[in-house]
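In: Need a 3D model of the sequence below.
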Amino acid sequence: MTLQIAAESTGSPMINLGVFFAFVIVTLFVVYRVTNRNSTASDYYAAGSSFSGAQNGIALSGDFLSAASFLGISGAIAVHGYDGFLYSVGWLVAWLVALLLVGERLRNTGRFTVGDVMAYRMKQRPVRAAAANATLVITFFYMLAQMAGAGGLIALLLDVHSKSGQALIISAVGAVMVFYVLVGGMKGTTWVQIIKAGLLLLCVTFMSVFIIAKFGFSFSALLEQAAQNSSLGDRLLDPGGWYGENAMSQLDFVSLALALVLGISSLPHVLMRFYTVPNAKEARRSVVWCSWSMFVFYLAILVVGYGATALVGSDAILDAPGGENSAAPLLAFEIGGPMLLGIVSAVAFATILAVVAGLTLAASASFAHDVYANVIKDGKADARSEIRVARLTAIAIGFFAIIGGIITNGQNVAFLVSLALALAASANLPTILYTLFWKRFNTTGTLWSIYGGLVSGLVLIIFSPAFSGASTSIITSVDFHWFPLSNPGIVSIPLSFICGYLGTVLSKRPADPDKQAEMEVRSLTGIGMKV
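Out: Numbers count the residues shown, from 1 in each chain. Coordinates of the predicted model:
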């Protein structure tokens with residue numbers, strides 16, 4: 001019966017494709033209209049710092065509200081209940097770190113990339129190279145989640161069940177994403193994210209209000225029906241349904257929570273958005289607008305997740321081609337038929353396109369600005385050649401993202417994003433905080449902190465159940481894991497702080513007091529900030 005429901009719930013592939021192509025055409029037209037010639041690096045990387053705090057805040061939410069939020073969390077709530085909702089709690093609380101510690105000082109100190117801040121008072125070449133390496137690895141893991149979400153969505157909405165067919169359409173999604181970046185730069189990408197965020201908020205709000213109305217505006221009645229229609233029964237509403245089986249799974253949840261709360265404020269593509277506003281005041285406003293947008297979204301996604309269980313059923317969701325990631329689309333078909341499913345599919349595709357475009361731009365900017373312009377050319381590259389390298393890098397990154405998306409097709413996208421967040425919190429956050437707040441911090445400490453967090457996180461992920469040894473692993477055919485936790489954050493994040501401290505105190509090269517004083521004044525006041 002569940003297989004039949006899943007099969008029927010794909011709706012009309014022609015409607016789904018039609019709505020999606022309409023979105024692509026509209027957004028490409030917007031990109032063409034708003035994009036200038038991108039003749040300078042500031043235009044291409046930071047849109048000339050021309051966006052207001054409100055605009056950038058909506059774009060920030062659009063940049064982060066990815067397939068993991070829309071598809072992954074709604075599916076996690078529908079299948080696992082309470083524990084699935086904890087993902088959204090962690091991501092919402094995480095913006096306090098960006099608001100209180102990172103956003104304002106980062107905007108005042110840097111110009112285009114995270115490497116600008118990390119290398120401000122350090123030896124430029126090795127630190128920028130390390131920052132670029134971390135950015136590329138983190139971005140790649142985050143892209144895997146988005147492309148995996150694309151694969152699951154395509155399987156459900158276009159009724160494409162063969163791996164080769166899904167791989168072909170993942171490639172098409174990747175090509176459109178790269179085109180956004182090549183043509184639009186930061187300004188075009190920002191407007192795509194603003195449009196996408198608006199559509200996503202309208203979509204989930206409409207669905208949540210309709211679902212609550214269907215149950216007489218009684219959330220309790222909704223939860224009761226969800227528990228009856230779930231394989232977990234009443235445990236769907238209690239903590240521990242996903243991470244409470246034993247002490248090790250509880251420790252895994254603590255590790256996950258650390259990655260969620262500390263990871264957002266160190267994601268390269270999120271931090272890069274602070275450079276699109278003219279000053280620190282607008283950077284603070286950006287975080288406030290983003291936080292309220294995400295609050296509304298995650299409140300609605302709670303209703304959508306439990307609504308999917310109540311109206312579709314957890315077994316039907318798991319049996320659908322997209323697995324957990326199909327909960328929201330299946331619910332859309334249940335309450336609105338093929339037309340609403342087409343709209344939801346278009347919004348989900350738009351989510352993937354906009355987020356991956358932002359990721360691609362961040363990674364290409366880091367390589368072109370930090371590695372090419374400041375390491376290879378020693379700061380003497382002209383704007384035209386730097387932008388050309390950034391565009392070539394975007395093409396290369398798009399290719400690898402497509403390959404990775406084909407490999408990880410079918411994984412829960414929220415889980416994959418948590419791995420990227422763990423890497424970001426390990427490699428970037430300790431380094432940024434030490435750079436901004438510790439006077440003694442030096443080049444050796446910076447390198448130890450970045451590489452200590454990045455390498456330890458990568459090693460623990462590769463040898464964890466996330467990669468092999470479990471039915472939900474990326475590779476299920478072999479088992480070479482020895483690290484017992486699926487998320488490495490509880491080990492790799494503290495280790496990065498320790499490495500940064502030891503590298504600093506053991507180094508024979510002291511910090512530059514003049515550059516440190518200059519950075520402190522600039523980070524607090526914005527004096528000397530380049531726009």
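
In: How about the contacts made by the residue nearest the centre of the chain?
Out: Nearest residue to the geometric centre of the chain (C-alpha atoms, centre = their mean): residue 64, 5.0 Å. Residues near residue 64 by C-beta atoms under 8 Å, 6 or more residues apart in numbering: 91, 264, 267, 270, 290, 294, 355. Placement of C-beta: from N, CA and C, glycine included.

In: Quick one: mean pLDDT over the helix or strand residue 417 falls within.
Out: Using DSSP states H and E, the element containing residue 417 is helix 413-427. For helix 413-427, the mean per-residue pLDDT is 78.

In: And for the helix or strand just after that helix, what's in contact with it?
Out: Next in sequence after helix 413-427, counting helices and strands by DSSP H and E, comes helix 429-437. Helix 429-437 is contacted by residues 101-102, 105-106, 109, 114, 117-118, 120-122, 262-263, 265-266, 441, 445-446, 449-450, 453, 493, 496-497, 500, 504, 519, 523 when judged by C-beta under 8 Å, 6+ apart.

In: Out of those, which sit inside helices?
Out: Using DSSP state H, the subset of the contacts of helix 429-437 located in helices is 105-106, 109, 114, 117-118, 262-263, 445-446, 449-450, 453, 493, 496-497, 500, 504, 519, 523.

In: okay, now the closest residue to residue 366 other than its chain neighbours: neighbour count?
Out: The shortest distance from residue 366 to any non-neighbouring residue, by C-beta to C-beta, 6 or more residues apart in numbering, is to residue 135 (4.0 Å). Residue 135 sits with 30 neighbouring residues when counted by other C-beta atoms under 10 Å.

In: What are the neighbouring residues in contact with residue 135?
Out: 113, 114, 115, 268, 362, 363, 366, 367, 370 are the contacts of residue 135 under C-beta under 8 Å, 6+ apart.

In: And it, what's its pLDDT?
Out: Note on residue 135: pLDDT of 88.

In: what bits of the stretch 1-150 of the chain have low per-residue confidence?
Out: Under the criterion pLDDT under 70, the flagged ranges of the stretch 1-150 of the chain are 1-13, 15-17, 19-20, 34-41, 43, 47, 66-68, 148-150.

In: which residues in it form helices?
Out: Using DSSP state H, counting those that start in this stretch, the helices found in the stretch 1-150 of the chain span residues 2-8, 13-34, 41-46, 53-64, 67, 74-80, 82-93, 95-97, 103-109, 114-118, 124-157.

In: distance between the host helix or strand of residue 185 and the chain's centre?
Out: According to DSSP H and E, residue 185 maps onto helix 163-214. Its chain's C-alpha centre and that of helix 163-214 lie 13 Å apart, by C-alpha atoms, centre = their mean, to the nearest Å.

In: Which elements pack onto that helix?
Out: Using 3 or more C-beta pairs under 8 Å, 6 or more residues apart in numbering; DSSP states H and E, the elements in contact with helix 163-214 are helix 13-34, helix 41-46, helix 53-64, helix 124-157, helix 219-228, helix 280-311, helix 327-365, helix 383-407.

In: Just tell me which of those helices ends up closest to residue 182.
Out: Comparing the helices and strands packed on helix 163-214 by their distance to residue 182 (C-beta to C-beta), the top pick is helix 383-407, with 5.3 Å.

In: Now tell me what touches the closest one from outside.
Out: 38-41, 44-45, 136, 139-140, 143-144, 146-148, 150-151, 163, 166-167, 170-171, 174-175, 177-178, 181-182, 356, 359-361, 363-365, 367-369, 372-373, 474.

In: Could you pick out the buried ones from those?
Out: Listed as buried from these are 38, 41, 44-45, 136, 139-140, 143-144, 146-148, 150-151, 166-167, 170-171, 174, 177-178, 181-182, 356, 359-361, 363-365, 367-369, 372-373, 474; burial here means 16 or more other C-beta atoms under 10 Å.

In: burial of residue 284, as a residue count?
Out: 20.

In: In contact with the closest residue to it other than its chain neighbours, which residues?
Out: Spatial nearest neighbour of residue 284, chain neighbours left out: residue 104 (5.7 Å); criterion: C-beta to C-beta, 6+ apart. Residue 104 makes contact with 280, 283, 284, 523, according to C-beta under 8 Å, 6+ apart.

In: do residue 344 as well
Out: 203, 207, 328, 329, 332.

In: at 6 Å what do you get?
Out: Residue 344 sits next to 329, 332 when contact means C-beta atoms under 6 Å, 6 or more residues apart in numbering.

In: How about residue 331?
Out: By C-beta under 6 Å, 6+ apart, residue 331 lies in contact with 307, 308, 312.

In: Rebuild those residues as a markdown table, extending it with distance to residue 73.
Out: Below are these laid out as a markdown table (distance: C-beta to C-beta, whole Å):
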| residue | distance to residue 73 |
| --- | --- |
| 307 | 13 |
| 308 | 11 |
| 312 | 16 |
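
In: CSV please, covering these and showing neighbour count and pLDDT.
Out: What follows is these, written out as CSV (neighbours: other C-beta atoms under 10 Å; pLDDT from 0 to 100):
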residue, neighbour count, pLDDT
307, 29, 89
308, 32, 87
312, 26, 86
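
In: In space, what's closest to residue 438 - neighbours in sequence excluded?
Out: Of all residues not flanking residue 438 in the chain, residue 504 sits nearest, at 7.6 Å (C-beta to C-beta, 6+ apart).
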